[in-house]
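Peer 1: Any chance you could fold what I've pasted below:
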Amino acid sequence: MNDGNYYIGYTSDLKARLQEHKKGKVKSTKLRRPLRLVYYEVSFNLDLALKREKYLKSTYGHRYLRNRIGEEPEGISF
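Peer 2: Numbers count the residues shown, from 1 in each chain. Below you'll find the model as predicted:
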């Protein structure tokens, strides 16, 4: 994010969701553009995806992401 924070969420269509963020249609990221995709995971089970999202939003999940992607990931701009 432009402000140094991460947006964590799930979707069934990553390309469409990225376009929504890019066009400013997502309230939580509208004022935080430009955005970069720095990490994503794939799950074929909705219940597990929701549990994973909840974990990644926790203190332990933030720590996991920081260790996984580093302090200043380059990511893909969109």
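
Peer 1: now Asn5: how far from Lys15?
Peer 2: The gap separating Asn5 from Lys15 is 23 Å, by CB to CB, to the nearest Å. For glycine as for every other residue, the C-beta is placed from the backbone atoms N, C-alpha and C.

Peer 1: Helices of this protein, start to end?
Peer 2: For the chain, applying DSSP state H gives helices covering 14-22, 46-56, 59-69.

Peer 1: Mind listing what's buried along the first one?
Peer 2: If I follow you right, that is helix 14-22. Residues of helix 14-22 classed as buried: Arg17, Leu18, His21 (neighbour count, 16 or more other CB atoms under 10 Å).

Peer 1: which residues sit against it?
Peer 2: Tyr7, Gly9, Thr11, Val26, Thr29, Arg33, Leu35, Leu37, Tyr40, Phe78 (CB atoms under 8 Å, 6 or more residues apart in numbering).

Peer 1: One more: stretch 50-68?
Peer 2: Stretch 50-68 is contacted from outside by Tyr6, Ile8, Gly9, Tyr10, Tyr39, Glu41, Ser43, using CB under 8 Å, 6+ apart.

Peer 1: Need the buried ones from the contacts of helix 14-22 selected in ChimeraX.
Peer 2: To isolate the buried members of the contacts of helix 14-22 in ChimeraX, using 16+ other CB under 10 Å:
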select :26,29,35
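
Peer 1: Format the contacts of helix 14-22 as a markdown table; extra columns: pLDDT and distance to Leu65.
Peer 2: Below are those laid out as a markdown table (pLDDT from 0 to 100; distance: CB to CB, whole Å):
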| residue | pLDDT | distance to Leu65 |
| --- | --- | --- |
| Tyr7 | 93 | 12 |
| Gly9 | 95 | 13 |
| Thr11 | 96 | 17 |
| Val26 | 95 | 19 |
| Thr29 | 94 | 17 |
| Arg33 | 91 | 20 |
| Leu35 | 91 | 16 |
| Leu37 | 93 | 13 |
| Tyr40 | 95 | 11 |
| Phe78 | 67 | 19 |
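
Peer 1: No further queries at this time; thank you.
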